[in-house]
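> A structural model of the following input is requested.
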Amino acid sequence: MSVIQGSTREFGNTTVLLHSLGSSCYRIEWYSKMTGASTSLTRLKLGKYLVLRKWASALNIQDVSSEFDRRNSALIHFLNNVDIVKSKDDLILAAKQHCVNLFTNYEGLKPINKVTFPKPRLQGAIGKKVVIKSKVGDKEIAQGLLLQLVGNQAEVQVPANYNEAIQVRKKFYSKQVYIR
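As a prediction, this is how the structure comes out:
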């Protein structure tokens, strides 16, 4: 795997890299200098995509990955889960547009200009502690670490009921999850 020359761009504390994985496979990597974490969109083969989040080694959290058969779903998931901590909005938008440009180029699609990037409510909280409340919203049911956003759900690492040292991953509707 090698970084394709001229494809690396810096956007404040974010670096976007493009890696070649062979003739038809590639990896777009979003690396945050602030958190030391990276999120990657990889085309493994035609119709097979992987979005992988690697945490900073100091956090001691297992990587989070999601597989996709549809390229648009993979791209949306990737863009919704990149690290935006302490980044200016204009730099985030420019970096996301660069990722879309790389994606359309390597997928053989027409360029997409003036894309709107809605910011998911919890995107800035990925990797931070959150509180999960009941569906009615009046009672706290758990606390944990937000790992990723999956559609209208949030995947959170929470302690197992019987042992605080054991962590389990659960999905909650994002409207139940609040920044601590």
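> Going by C-alpha atoms from here, please, whenever you check contacts or count neighbours.
Fine.
> how close does the residue minimising distance to the centre of the chain get to residue 120?
Central residue of the chain (Cα atoms, centre = their mean): residue 81, 2.1 Å from the mean position. Distance, residue 81 to residue 120, by Cα to Cα, to the nearest Å: 9 Å.
> Kindly report the same for residue 7.
Applying Cα to Cα to residue 7 and residue 120 gives a distance of 27 Å.
> show me where this protein has helices.
Using DSSP state H, the helices of the chain run over 71-80, 89-107.
> Need these in a markdown table (columns: mean neighbour count).
As requested, the helices of the chain are arranged in a markdown table below (neighbours: other Cα atoms under 10 Å):
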| stretch | mean neighbour count |
| --- | --- |
| helix 71-80 | 19 |
| helix 89-107 | 17 |
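> Identify whichever of these lies nearest to residue 17.
Nearest of these to residue 17, taken as Cα to Cα: helix 89-107 at 9.0 Å.
> Dump that closest one to PDB, restricted to CA.
Coordinates of each C-alpha in helix 89-107 appear next as PDB, following Å, rounded to 0.1, in the frame of the first residue of the first chain:
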ATOM      1  CA  ASP A  89     -16.200  24.600   9.700                       C
ATOM      2  CA  ASP A  90     -14.800  25.900   6.400                       C
ATOM      3  CA  LEU A  91     -11.800  23.500   6.700                       C
ATOM      4  CA  ILE A  92     -14.100  20.600   7.500                       C
ATOM      5  CA  LEU A  93     -16.200  21.300   4.400                       C
ATOM      6  CA  ALA A  94     -13.200  21.700   2.200                       C
ATOM      7  CA  ALA A  95     -11.700  18.400   3.400                       C
ATOM      8  CA  LYS A  96     -15.000  16.600   2.900                       C
ATOM      9  CA  GLN A  97     -15.300  18.000  -0.600                       C
ATOM     10  CA  HIS A  98     -11.700  16.800  -1.300                       C
ATOM     11  CA  CYS A  99     -12.800  13.300  -0.100                       C
ATOM     12  CA  VAL A 100     -15.800  13.400  -2.400                       C
ATOM     13  CA  ASN A 101     -13.600  14.500  -5.300                       C
ATOM     14  CA  LEU A 102     -11.200  11.600  -4.700                       C
ATOM     15  CA  PHE A 103     -14.100   9.200  -4.300                       C
ATOM     16  CA  THR A 104     -15.800  10.200  -7.600                       C
ATOM     17  CA  ASN A 105     -12.500  10.200  -9.500                       C
ATOM     18  CA  TYR A 106     -11.500   6.700  -8.400                       C
ATOM     19  CA  GLU A 107     -15.100   5.300  -8.800                       C
END
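> Which neighbouring elements make contact with it?
If you count contacts as 3 or more Cα pairs under 8 Å, 6 or more residues apart in numbering; DSSP states H and E, helix 89-107 packs onto strand 9-11, strand 14-20, strand 26-32, helix 71-80.
> Thanks a lot, see you next time.
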